[in-house]
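Participant: Test case, fold it:
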Amino acid sequence: QVQLQESGPGLVKPSQTLSLTCTVAGGSITSNYYDWSWIRQPPGKGLEWMGAIAESGSTYVSPSLKSRTSISRDTSKNQFTLQLSSVTLEDTAVYYCVRGYVGSVHYTFDYWGQGAQVTVSS
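Facilitator: Predicted coordinates:
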């Protein structure tokens, strides 16, 4: 059973950098075939895929967030991290870390963290 747990500040001020860490248990972030994503859900809106880091360490970021988003990992701790710079009130959301893989038909997200509420407010 793979478990993911987000951690980080729940309150960030506008223009600052949001930083979240996902700790993974029960599976290695360097295992073949799996990507490790950040997905967020603003209040009253749908899910938004932000970006991912592959088992190779390659990163992929949504074009709409590319200028502000960085994803990295610490393999010794089995953790991966999201940094979102220059946050605004619109970055208020529940942030999820998620495992995904390319299935036979669809890309699949199979394990999710419980989610971390991050509020941007002065």
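
Participant: ok, what's across the strand from the residue nearest to Trp49 when sequence neighbours are not counted?
Facilitator: Distances taken as CB to CB, 6 or more residues apart in numbering put Ile39 closest to Trp49, at 5.3 Å, once the chain neighbours are dropped. Every residue, glycine included, has its C-beta placed from N, CA and C. Beta-bridge partners for Ile39, by DSSP bridges, are Trp49, Tyr96.

Participant: do Tyr111 as well
Facilitator: Beta-bridge partners, per DSSP bridges, of Tyr111: Arg99.

Participant: I'd say it and Gln5 touch.
Facilitator: No: counting by CB atoms under 8 Å, Tyr111 stays clear of Gln5, with 11.1 Å between them.

Participant: The two: which is more packed in?
Facilitator: A side-by-side neighbour count of Tyr111 and Gln5, using other CB atoms under 10 Å, places Tyr111 first with 17 against 14.

Participant: That'll do, ta.
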